[in-house]
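Colleague: Got a predicted model here, sequence first, then my questions.
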Amino acid sequence: MQYTNHFDSPIGNLLLAADDVGLTGLWFDGSKYYADCLDSEQEERDTPILEQAKEWLTIYFSGREPRFLPPIHMMGTPFQLDVWTILKEIPYGKTTTYGQIAKEIARQKGIPRMAAQAIGGAVGRNNISIIIPCHRVVGAKGNLTGYGGGLDKKTALLALEKIDIRQLTD
């Protein structure tokens, strides 16, 4: 069973989803893959996991780095899970590129190279935005690239983390 609840952030409403293991989804209303991993049966109510996620978001949107993670239950293909695990390691206030993630996945798999486009596909399907920080991934030249919630949200999240977005271009 999945449980849902909402969080009104300064940059848009968020839908949160969790099961008994951890947070399974966090989407901006109207985002590209909005609620795509929700079970057909779900119940809207608070749970301890959703409360922890809201606490994390409250700290984050106050401009501070949360010092904990709520329990997370990532659900995806093995490749997506590998990419999302790397996303979780991107430090607050820092960015990385799709190419850097591709090099790390290739290293982990013992293969000569991995296509950055494949990484982009997995990053784009991240169901737990913000907490699994796909907004911290930029293009090869530091350019702002797609974000399921919209580039305006990506820009706002990076600015909140005090990342100098003037150096990042569209």
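Modeller: Looks like it arrived, so ask away.

Colleague: which one is the residue of the chain most remote from its centre nearest to, not counting chain neighbours?
Modeller: No residue in the chain sits farther from the centre than Pro112, which is 27.2 Å out by C-alpha atoms, centre = their mean. Residue nearest to Pro112 in three dimensions, not counting chain neighbours: Ala106, with 6.6 Å by C-beta to C-beta, 6 or more residues apart in numbering. Just so you know, the C-beta spots here come from the backbone N, C-alpha and C atoms, and that holds for glycine as well.

Colleague: Stretch 42-53: end-to-end distance?
Modeller: With C-alpha to C-alpha, to the nearest Å as the measure, the first residue of stretch 42-53 is 18 Å from its last.

Colleague: sorry, that was for stretch 88-102
Modeller: Taking C-alpha to C-alpha, stretch 88-102 runs 15 Å from one end to the other.

Colleague: hmm, who's touching that stretch?
Modeller: 65, 69, 72, 83, 86-87, 113-120, 123, 132-133, 136-140, 142, 145, 158, 161-163, 168 (C-beta atoms under 8 Å, 6 or more residues apart in numbering).

Colleague: Quick check on those: which are buried?
Modeller: 72, 83, 86-87, 114, 116, 119-120, 123, 132-133, 136-139, 145, 158, 161, 163, 168 (16 or more other C-beta atoms under 10 Å).
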